[in-house]
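Trainee: only geometry, no sequence info:
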């Protein structure tokens, strides 16, 4: 019903001049253009002028035809085209030719608005288009005549009106915030919008208070949400100031809470940890955002509301997912990676999760969200979370939310002699296999060693069947890490890109090296290696392992391990 009402009203208001003139919030001029923080590349202006549109890894050449009449090669490509973010590249070139090219393309789109397909009407794409048309208005409207100016405003007003109706059924989470941010921009940038400013500000403030958690994380637990939202919220704060209007306290508080989280998720190489839908880190956007971070301090160790733990020890860093799945209405991107962790040493990532690709996400989504794509324990090759699988329900729910998983995740952090001890557990396998997964991590203060223990203990009254007692502990390695198994088959030598050497050791278990895939690369999915230990929770419910920084050879490491007993974790 929401989609039907939105479509009917938006088309009626856009197709009738009489209705448009009577519609509330009618405007007659632009009074300000917000700043666009996204990186612009002037060299791409030449490609666009030549009719080559390169988005989401796909290339489409016009050959003299309208780009808006051509069949898009993918939904991601079409979303990038109809989001109009590429206008910033033309603005960066700042020549008479690029300005004329921008006007020509926008004029072409104004003539094709009625033929916009489902992707172009998606609320997130519509919001991006409104923000782009507002922020790049100086480029498009420079040296233009009054007729085109009025036509541009009519098209923009129609898009804003459709955006208001998009609130009727927009997906919860980041898309809903993006729509409200775009409506706030529109009310501030257009004339005669005093009432709309008050309404949009109130709705945005309420949504920010609901979606941004007290520790600064997003309710979806997706680290990429911080980048997507801050890149629009920071210019919005400036736009309020430019209009001599005090930014709402909820906006200021949300920004202040979110900025430290950018540093929390960063590894030494600048990339974000790959949890709950995070893909390749947009390094250019992140660098821009960090320039606005006034704290410049050491990240906090614990984010209890978001459900993450961070252990810094010398140049060694461990980040752990120690939280329950997000609420179902914002879990379309959530992963079954409870108690997974990532490990890095200086500028080199060692243990990672597979992450999500930046393009062609649907093809990899099933694997990327599964527990086997994370550096944690998998029982009977089954994920710790359940997702909606029926196609009809996916369409109705705007994706495949989490419908089952850990309900209770416990974690206790303490300083002990020689390091930091983190004890965690989750009950995601309670109903399926009648076991509780417990993971203990011990990181030495100097960062030279990370010890771990995984255990699967039966739950009272649970179904603990011998036929389903198999489990595997996986450690996905970054593609740049070279791994070679030691001759005793109970360890792996890891050589990092900076020639630093680490050794993975399992106390009493055989270690295998298997192929996996790293999805979050800037150049797309690529092969990688994972360390896998397989056991049976009835015969061997506990499994100990260690990552040790070492410059010794494999032979010296084997001799050391045979000569003395490795210390156990302080439980």
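Mentor: Right, received. Where do you want to start? For clarity, every value in this text was computed on a predicted model and none was experimentally measured.
Trainee: since we're on the nearest residue to residue 480 once chain neighbours are set aside, how many residues are nearby?
Mentor: Ranked by C-beta to C-beta, 6 or more residues apart in numbering and with sequence neighbours excluded, the top spatial neighbour of residue 480 is residue 497, at 4.7 Å. Backbone N, C-alpha and C define where each C-beta goes, glycine included. Using other C-beta atoms under 10 Å, residue 497 has 13 other residues around it.
Trainee: Then residue 169?
Mentor: 14.
Trainee: before we move on, what SS does it have?
Mentor: What DSSP: H, G, I helix; E, B strand; the rest coil gives for residue 169 is coil.
Trainee: Next, the contact list for the spatially most central residue of the chain, please.
Mentor: Centroid-nearest residue in the chain, with C-alpha atoms, centre = their mean: residue 224, separated by 2.7 Å. Residue 224 is in contact with 272, 277, 278, 279, counting by C-beta atoms under 8 Å, 6 or more residues apart in numbering.
Trainee: 6 Å - rerun?
Mentor: Taking C-beta atoms under 6 Å, 6 or more residues apart in numbering, we find residue 224 in contact with residue 278.
Trainee: so what's it scoring on pLDDT?
Mentor: In this model, residue 224 is scored at 96, pLDDT.
Trainee: Please apply the same query to residue 195.
Mentor: On the pLDDT scale, residue 195 gets 88.
Trainee: where's it, which helix or strand?
Mentor: Assigned by DSSP states H and E, residue 195 falls within helix 194-211.
Trainee: What segments of the stretch 301-450 of the chain are helices?
Mentor: Counting by DSSP state H, counting those that start in this stretch, residue ranges of the helices within the stretch 301-450 of the chain are 361-369, 391-396, 430-433.
Trainee: about what we covered before: what helices or strands is the helix holding residue 195 leaning on?
Mentor: Judged by 3 or more C-beta pairs under 6 Å, 6 or more residues apart in numbering; DSSP states H and E, the packing partners of helix 194-211 are helix 174-189, helix 249-264.
Trainee: I'd like the next helix or strand past the helix-or-strand element of the chain with minimal mean pLDDT.
Mentor: Comparing every helix and strand of the chain by mean pLDDT, DSSP states H and E singles out helix 17-22 as the least confident one, with a mean of 30. Scanning forward in sequence from helix 17-22 by DSSP H and E, the next helix or strand is helix 43-49.
Trainee: any idea of the mean pLDDT for that next one?
Mentor: 93.
Trainee: any idea how far residue 142 is from residue 152?
Mentor: 12 Å (C-beta to C-beta, to the nearest Å).
Trainee: I'd guessed residue 193 sits against residue 187; true?
Mentor: Yes. Using C-beta atoms under 6 Å, residue 193 makes contact with residue 187 at a distance of 4.4 Å.
Trainee: starting at the chain centroid, how far to the host helix or strand of residue 82?
Mentor: Following DSSP H and E, one finds residue 82 within helix 75-83. Its chain's C-alpha centre lies 18 Å from the corresponding centre of helix 75-83 when counted by C-alpha atoms, centre = their mean, to the nearest Å.
Trainee: That one: what's the following helix or strand?
Mentor: helix 87-93.
Trainee: the inter-axis angle of the longest helix belonging to the chain versus helix 174-189?
Mentor: Determined from DSSP state H, the single longest helix within the chain is helix 146-166. Counting by axes from the mean of the first three to the mean of the last three C-alpha atoms, to 10 degrees, helix 146-166 lies at 140 degrees to helix 174-189.
Trainee: which strands and helices sit next to helix 146-166?
Mentor: By 3+ C-beta pairs under 6 Å, 6+ apart, helix 146-166 packs against helix 2-15, helix 123-135, helix 174-189.
Trainee: hmm, back to that, helix/strand/coil for the residue nearest to residue 480?
Mentor: Applying three-state DSSP: residue 497 is coil.
Trainee: for the stretch 401-550 of the chain, what are the low-confidence residue spans?
Mentor: Within the stretch 401-550 of the chain, the segments meeting pLDDT under 70 span 461-467.
Trainee: Spell out the secondary structure type for residue 233.
Mentor: helix.
Trainee: and it, how many neighbours?
Mentor: Residue 233: 22 neighbours (other C-beta under 10 Å).
Trainee: To what extent is the closest residue to it other than its chain neighbours buried, counted in neighbours?
Mentor: In space, residue 233 comes closest to residue 255 once its chain neighbours are excluded; the distance is 5.7 Å by C-beta to C-beta, 6+ apart. Other residues near residue 255 come to 21 when the count uses other C-beta under 10 Å.
Trainee: gap between residue 255 and residue 513?
Mentor: For residue 255, the distance to residue 513 - C-beta to C-beta - is 44 Å.
Trainee: Residue 137 is in contact with residue 33, isn't it?
Mentor: Yes. Contact criterion C-beta under 6 Å: residue 137 and residue 33 qualify, at 4.9 Å.
Trainee: which of those two has more neighbours?
Mentor: A count of neighbours by other C-beta under 10 Å puts residue 137 above the other of residue 137 and residue 33, at 21 against 18.
Trainee: Give me the distance between that one and residue 68.
Mentor: Taking C-beta to C-beta, one finds residue 137 at 20 Å from residue 68.
Trainee: for residue 469, same thing?
Mentor: 58 Å.
Trainee: any idea how the protein splits into domains?
Mentor: 2-166, 302-563 (automatic domain parsing).
Trainee: Quick check: which of these is nearest to residue 286?
Mentor: domain 2-166 (10.6 Å; C-beta to C-beta).
Trainee: so is residue 138 in a helix, a strand, or just coil?
Mentor: helix.
Trainee: I'd say it and residue 32 touch.
Mentor: No. Counting by C-beta under 6 Å, residue 138 sits too far from residue 32 to count as a contact (10.2 Å).
Trainee: Between these two, which has more neighbouring residues?
Mentor: In this view residue 138 and residue 32 are compared by other C-beta under 10 Å, and residue 32 has more residues nearby, 14 against 11.
Trainee: May I have the phi/psi pair for that one?
Mentor: Phi and psi for residue 32, reported as degrees, to the nearest 10, are phi -160, psi 150.
Trainee: residues in contact with it?
Mentor: 189, 242.
Trainee: I'd like the distance between it and residue 242.
Mentor: 6 Å.
Trainee: Does residue 139 touch residue 91 like I think?
Mentor: Yes. Between residue 139 and residue 91 there is a contact at 4.2 Å, judged by C-beta under 6 Å.
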